[in-house]
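Student: sequence unknown, structure follows:
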Ligand code: AMP
């Protein structure tokens with residue numbers, strides 16, 4: 001049985017594992033989740049269309065059963081021949097999956113002799129398909145292993161960053177300091193340079209006593225930001241904050257977005273070179289001077305780790321900072337052979353949007369899982385594999 005990555009993201013990323021197992025004459029039973037059906041049969045989250053797409057990608061039939069446990073699964077699994085592939089229905093149609101219910105894990109594992117986990121993006125959760133099943137298979141004397149994608153994730157986010165070639169430049173952006181503070185703290189022990197962008201930069205600016213206007217800030221996290229600045233100084237890490245930014249005036253409209261929240265329009269977009277932000281404006285991207293300075297730092301790097309966009313890149317008026325940094329990262333990778341590791345989530349989206357995804361060394365398929373792993377936390381879906389062998 002093989003547990004695949006959150007299939008909506010990257011089906012193709014797990015193909016090498018599937019092909020290897022097929023070549024070796026395995027009978028593949030694939031278990032995966034899609035979306036958050038909350039323990040209900042939500043037809044829009046069925047894996048049936050995924051099976052069809054997978055069959056195209058593999059160039060061979062993929063059988064599908066509209067359940068992940070029970071008689072039908074056992075019957076179909078029982079007649080599989082070496083090299084056959086069977087995809088099970090969304091494991092999250094059962095609430096017991098996310099509860100890591102031992103009885104459910106037992107039922108899921110019933111058809112499996114060997115367990116392979118290729119779902120790095122779900123490895124930070126101890127669910128039945130990512131953790132419980134491994135225990136059942138191992139208890140019965142079966143082997144548990146990481147798939148090739150999982151192995152690559154652990155290599156690049158783990159081993160490669162243990163003793164990185166220097167200079168080691170870390171680029172951190174995104175919305176919140178609080179989401180990434182543990183990563184910042186850990187990387188302050190390793191990095192030569194840390195470049196901060198995104199909304200996160202405004203919490204640092206606030207900590208330094210500047211005005212942040214309507215920028216996204218976490219006013220209760222200024223002490224945390226100050227502590228990071230202090231640690232950087234003490235450790236001799238070059239810790240750079242934006243020199244300038246792109247700001248605009250946010251105005252609420254009557255329109256609602258998909259989630260029912262009012263759509264915000266941004267007016268009067270301009271570059272701001274004052275470290276203070278006007279009361280009626282929000283900072284939404286790093287400015288040209290910052291792009292220049294960050295690109296220079298990146299061009300000297302031998303190892304780069306990037307997590308989080310430099311601005312609200314979904315709006316093209318605020319995407320240039322992220323795209324320019326992406327170009328700098330791609331260039332130093334291609335020209336100087338630097339190792340560039342993109343730590344998942346929105347930075348991966350941004351690189352793909354800039355069509356530079358294939359110009360970096362590695363892009364993680366995990367969002368939350370990458371962050372927790374970079375924080376140094378043990379991921380239950382990874383830990384269970386080594387415990388059992
Ligand atoms: P994260 O998940 O923490 O990496 O945050 C990514 C999100 O942060 C993206 O949706 C970005 O649009 C958003 N973001 C980055 N910079 C800003 C900013 N200056 N203001 C508002 N949102 C931002």
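Tutor: On my side now, so go ahead. Since this is a predicted model, take the numbers as computed values, not measurements.

Student: please count neighbours and contacts with C-alpha atoms only from this point.
Tutor: Will do.

Student: hang on, residue 370 packs against residue 377?
Tutor: No - with contacts defined as CA atoms under 8 Å, residue 370 does not count as touching residue 377, sitting 10.0 Å away.

Student: neighbour count: the two, which is higher?
Tutor: residue 370 (28 against 13; other CA atoms under 10 Å).

Student: do the host helix or strand of the more buried one and the ligand meet at all?
Tutor: Under the criterion of DSSP states H and E, residue 370 resides in helix 368-374. No - under the criterion of CA under 6 Å from any ligand atom, helix 368-374 makes no contact with the ligand; the nearest approach is 9.0 Å.

Student: tell me the helix or strand right after that helix.
Tutor: Following helix 368-374 in sequence order, the next helix or strand is helix 380-387 (DSSP H and E).

Student: which elements pack onto that next one?
Tutor: helix 133-139, strand 144-146 (3 or more CA pairs under 8 Å, 6 or more residues apart in numbering; DSSP states H and E).

Student: excluding its backbone neighbours, what's nearest residue 33?
Tutor: With CA to CA, 6 or more residues apart in numbering as the criterion, residue 33 has its nearest non-adjacent residue at 4.8 Å, and that residue is residue 90.

Student: please list all residues in contact with residue 201.
Tutor: With contacts defined as CA atoms under 8 Å, 6 or more residues apart in numbering, the neighbours of residue 201 are 173, 241-242.

Student: which of those residues lies closest to residue 12?
Tutor: Relative to residue 12, the closest of these is residue 173; by CA to CA it sits at 27.3 Å.

Student: related to what we said a few turns ago, which residues are contacting the helix holding residue 370?
Tutor: Helix 368-374 is contacted from outside by 120-124, 157-158, 180, 183, 186, 343-345, 364, 378-379, using CA under 8 Å, 6+ apart.

Student: cool, and stretch 302-320?
Tutor: The list of residues contacting stretch 302-320 from outside it, by CA under 8 Å, 6+ apart, reads 164-175, 196-199, 246, 269, 284-286, 298, 321-322, 329, 336-347, 350.

Student: related to what we said a few turns ago, of the helices and strands packed on helix 380-387, which approaches the ligand most closely?
Tutor: Judged by CA to the nearest ligand atom, the one of the helices and strands packed on helix 380-387 that comes nearest to the ligand is strand 144-146, at 26.6 Å.

Student: ok, and for the helix or strand that the closest one is followed by, which residues are buried?
Tutor: The element immediately downstream of strand 144-146 (helix or strand, assigned by DSSP H and E) is helix 148-154. By neighbour count with 16 or more other CA atoms under 10 Å, helix 148-154 contains the buried residues 148-150, 152-154.

Student: what does the pLDDT read for the residue nearest to residue 364 when sequence neighbours are not counted?
Tutor: Distances taken as CA to CA, 6+ apart put residue 344 closest to residue 364, at 4.6 Å, once the chain neighbours are dropped. Per-residue confidence for residue 344 comes out at a pLDDT of 79.

Student: so residue 344 makes contact with residue 362?
Tutor: No - at 9.6 Å, residue 344 and residue 362 do not qualify as touching, with contact defined as CA under 8 Å.

Student: on that earlier part again, among the contacts of helix 368-374, which ones are in strands?
Tutor: Secondary structure defined by DSSP state E assigns none of those to strands.

Student: my read: residue 73 touches residue 79, true?
Tutor: No - here residue 73 lies out of contact with residue 79, judged by CA under 8 Å, at a distance of 10.4 Å.

Student: which of the two has more neighbours?
Tutor: Of the pair residue 73 and residue 79, residue 73 is the one with more neighbours under other CA under 10 Å, namely 22 against 10.

Student: so that one: helix, strand or coil?
Tutor: Three-state call for residue 73 (DSSP: H, G, I helix; E, B strand; the rest coil): helix.

Student: and the pLDDT at it?
Tutor: In this model, residue 73 carries a pLDDT of 97.

Student: check contacts around it.
Tutor: So residue 73 contacts 65, 67, 88, 111 (CA under 8 Å, 6+ apart).

Student: most neighbours out of those, which is it?
Tutor: Once you tally neighbours by other CA under 10 Å, residue 88 ends up highest among these, having 24 neighbours.

Student: bridged to that one, which residues?
Tutor: Here residue 88 sits in beta bridges with residue 65, going by DSSP bridges.

Student: how much space separates it from the ligand?
Tutor: Taking CA to the nearest ligand atom, to the nearest Å as the measure, residue 88 falls 31 Å from the ligand.

Student: same check, this time on residue 205
Tutor: Spatial separation of residue 205 from the ligand under the definition CA to the nearest ligand atom is 12 Å.
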